[in-house]
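Asker: What follows is a predicted structure for the sequence shown.
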Amino acid sequence: MVTVDDVRRLALSLPRTEEALVRDRIKFRVGRIVYLAFNREESVLGFAFPREEREALITSAPDTFLPPDPADERFNWVQVRTAAIDTDEMRELVLDAWRMVVPRRVAEAHLGGGGHVSG
């Protein structure tokens, strides 16, 4: 099970990331762009994800991944139950979400190589 502290540790290690508390919800953002957001119970993590790939991800593991809340459907967004993933899976989701919101050169400088996620 992944905790808020697990996500916080990784997210705050990423360049340009800030933590914010918005309407009692923990969010991580780069500038004004939110790329991670917990629900109030901290049991579901929303994250930036390509909208065109959302359906396939949710269908592949419906007990793990959830569609975005109706208000967020227009965004590149999906949600995951934190109890259903381990820290390696969380790391991949967080890094991919972060890469969507930072300039490519920032991701490449931090991650090395072509900016690909490595375990």
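Answerer: Everything's here; your move.
Asker: can you give me the helices for the chain?
Answerer: Per DSSP state H, the chain carries helices over the ranges 4-11, 54-60, 87-101, 104-111.
Asker: Residue nearest the middle of this protein, spatially speaking?
Answerer: With distances taken as Cα atoms, centre = their mean, Phe47 lies nearest the centre of the chain, 3.2 Å away.
Asker: ok, the residue lying closest to it once chain neighbours are set aside to Tyr35 distance?
Answerer: Distances taken as Cβ to Cβ, 6 or more residues apart in numbering put Ala97 closest to Phe47, at 4.2 Å, once the chain neighbours are dropped. Bear in mind the C-beta positions are built from the backbone N, C-alpha and C, glycine included. Distance, Ala97 to Tyr35, by Cβ to Cβ, to the nearest Å: 4 Å.
Asker: Buried residues of the worst-scoring helix or strand of the chain on mean pLDDT, list them for me.
Answerer: In the chain, no helix or strand scores lower on mean pLDDT, DSSP states H and E than helix 104-111, which sits at a mean of 93. For helix 104-111, the neighbour count (16 or more other Cβ atoms under 10 Å) marks Val106, Ala107, His110, Leu111 as buried.
Asker: before we move on, back to that, residues that sit against both of Ala97 and Tyr35, list them.
Answerer: Phe47, Ala48 (Cβ atoms under 8 Å, 6 or more residues apart in numbering).
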